[in-house]
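>>> got a structure for you, letters missing:
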């Protein structure tokens, strides 16, 4: 990677790590469904306005049915599950559990796209399950029904991301990245609009919740999408995927500094196991590559 690409990667990891902090701050006063509606609706409008300002044509109208499916799987459902879960679990735990998305993507891609399940990927998937168990069991929270439900919601969000990613790869061809991101967010806004009416704030949210919502919309969604697609185009999808190793690290650090969340030994161990599993599944950590480095002859 060039220095510019590396800076973009680290910035993206920080932005997406911060999203869990913003959600944790804003979700209770804003409500999970209304907060996520605001996120996708405002982010989608920002991207559309940005595209018009640049004179870039968006090819959305002819693909609405596909975008409705993608908007549900890739934004509306997982965003809502994450926000609901963060009413219970810490931002740090949410960031760690959501970093398992590549594990589910690998399994879904094996079924939906016929991609090979190598031994490294299978071992990585198993380690991911172990890492989730260590993270949840090693946290300072009491392991009750609410924590288990929140954990399942976060894992459900990762599965939805995985299915959405495979669907996008099979259903869309020839669309530019701005059209994909804008269409997905606008479709998600249409899906969440009616249900968010049942989750309106009962009183005016405090300023910190409004600022957190603004940060979630502008920094963690509209700007982050552009950084992500810049990396995919300039550095390639494999290198762009390394952001999954940075997001939980930033999530844990920000959670400790900004929210005062405790970092227990179980959280650290779980984080390391999950990062190892993601590295194996994505091919960023390869036993074969490691042997080559250790024995160059």
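That came through fine. The shown structure was predicted, so the numbers you read here are calculated from the model rather than taken from an experiment.

>>> run a quick neighbour tally on the residue nearest to residue 126 when sequence neighbours are not counted.
Spatially, and ignoring its direct neighbours in sequence, residue 126 is nearest to residue 277 (7.8 Å; CB to CB, 6 or more residues apart in numbering). Yep, even glycine has a C-beta here, placed from its N, CA and C like the rest. By the criterion of other CB atoms under 10 Å, residue 277 has 26 neighbours.

>>> who are the neighbours in contact with residue 277?
Going by CB atoms under 8 Å, 6 or more residues apart in numbering, residue 277 touches 100, 103, 124-128, 130-131.

>>> so how far is residue 78 from it?
Between residue 277 and residue 78 the computed distance is 20 Å (CB to CB, to the nearest Å).

>>> just give me the neighbour total for residue 88.
Using other CB under 10 Å, residue 88 has 17 neighbouring residues.

>>> spatially central residue in this protein, please.
residue 98 (6.3 Å; CA atoms, centre = their mean).

>>> my guess is that residue contacts residue 85. True?
No - if you go by CB atoms under 8 Å, residue 98 and residue 85 don't touch, sitting 9.3 Å apart.

>>> between the two, what contacts are shared?
When contacts are counted by CB under 8 Å, 6+ apart, residue 98 and residue 85 have 154, 157 as shared neighbours.

>>> in the stretch 151-297 of the chain, what spans have low per-residue confidence?
Low-confidence segments of the stretch 151-297 of the chain (pLDDT under 70): 236-239, 241, 282, 284-297.

>>> in stretch 255-267, what's buried?
Buried residues in stretch 255-267, counted by 16 or more other CB atoms under 10 Å: 255-256, 261, 263, 266-267.

>>> repeat for stretch 87-100
Buried residues in stretch 87-100 (16+ other CB under 10 Å): 88-100.

>>> of those, which belong to helices?
91-98 (DSSP state H).

>>> export the residues you listed to TSV and tack on pLDDT and distance to residue 154?
Shown next, in TSV, are those (pLDDT from 0 to 100; distance: CB to CB, whole Å):
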residue	pLDDT	distance to residue 154
91	91	12
92	88	12
93	88	8
94	90	6
95	89	10
96	87	9
97	87	4
98	86	6
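
>>> looking at these, which is nearest residue 182?
residue 98 (23.1 Å; CB to CB).

>>> residue contacts, that closest one?
Contacts of residue 98 (CB under 8 Å, 6+ apart): 20, 82, 154, 157-158, 247-248.

>>> repeat for residue 84
27, 32, 150, 153.

>>> just to revisit the earlier point, neighbour-wise, give me the winner out of the contacts of residue 98.
residue 20 (31 neighbours).

>>> measure the residue nearest to that one when sequence neighbours are not counted to residue 261 for me?
Nearest residue to residue 20, sequence neighbours excluded (CB to CB, 6+ apart): residue 91, at 4.0 Å. In this view, residue 91 and residue 261 are 7 Å apart by CB to CB.

>>> likewise for residue 5?
Distance, residue 5 to residue 261, by CB to CB: 31 Å.
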